[in-house]
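**Q** need the 3D shape of this:
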Amino acid sequence: AKLTVKTYAPGSMWGTLENKAFIEPRALAIDKSGNYYVADEGPFKVRKYGPERRAQISWGNEGKSLRSLKVPAGIAVDAEGACYITDARGGDVSKFDKAGKFVRKWGDRGPKESTLSTPLGIAVDGNYDVYVVDSGNSRIVKCTSAGVVKKTWGKAGSEPGQFNLPTELEYYDTNIPCLA
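**A** The predicted model follows:
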C-alpha cells in the first residue's frame, strides 16, 4: 500500500475557533475515498467531510437513545464505509453505515469478556473484524462487525502480554494489530 502525505500551507487551517468546525475532536479516520471522519466529544457527534474538507453529514447526539454518543473516543471505517465509534463513557461500540444510519451498538460496562470498560482506540481489518482497545480492562477485544466477541488478550500489568491502560490501536496489512 502506498502512503500519500499531504501538506497544507500555513494559514489553511481547518476547524478554527471562529468557524467552530470542531469543539473537542478526539479521533480521526480516513476512508479509502479520502473522506475524513472526526469524532468530536464536544457536541457528541461524528462528522464526515469530503476530501476537499467540506462537511457532508454528521450523526450522533447526547442522550439515552441507541444512536447517542456520550464520549466518542475512537473511530474506524471499514472498506465498505461503515463507521465504528467507541464511546468511552458509555462503555460500548456503535456502528453506523456509510450514510450515517445507525446499525447497532454492542458492549456493556464491566470486566467480563463480553463487556468493555472505557473503550478508546478501534481498528477494522480486511476481514471486517473489529479490534477494540478496552483501556479500563487493560486488554484488546476482537469482535465480528456485529459485535460478537471472538478473542480477548492482555490484562493489567507490565509483563509480556500485559497492558497498562492502552489507548490506541492500528491494524495494518501485516495481519498484526499495533498497539500504543
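**Q** let me see the ranges of the strands in this structure.
**A** 25-30, 36-40, 45-49, 55-59, 72-77, 83-87, 92-96, 102-106, 119-124, 130-134, 139-143, 149-153, 169-171, 177-179 (DSSP state E).
**Q** just checking: what are the partner strands of the fourth one?
**A** Going back to what we said before, that points to strand 55-59. According to DSSP bridges, strand 55-59 has the following sheet partners: strand 45-49 (antiparallel).
**Q** centre of the chain versus the partner strand, how much separation?
**A** Computed by CA atoms, centre = their mean, to the nearest Å, the chain-centroid distance of strand 45-49 equals 12 Å.
**Q** relative to K155, how far out is the residue nearest the centre of the chain?
**A** Computing the C-alpha centroid of the chain and ranking residues by CA atoms, centre = their mean puts I75 first, at 1.8 Å. If you measure I75 against K155 using CB to CB, to the nearest Å, the figure is 26 Å. (C-beta placed from N, C-alpha, C; glycine too.)
**Q** repeat for K112
**A** Distance, K112 to K155, by CB to CB: 13 Å.
**Q** now swap in D78 and tell me
**A** Counting by CB to CB, the gap between D78 and K155 amounts to 28 Å.
**Q** who has more neighbours, the two?
**A** Higher neighbour count among D78 and K155: D78, with 21 against 12, using other CB atoms under 10 Å.
**Q** residues contacting the residue lying closest to that one once chain neighbours are set aside?
**A** Distance criterion CB to CB, 6 or more residues apart in numbering; nearest residue to D78, sequence neighbours excluded, is V124 at 4.4 Å. The neighbours of V124, taking CB atoms under 8 Å, 6 or more residues apart in numbering as the test, are 76-78, 84, 130-131, 145, 171.
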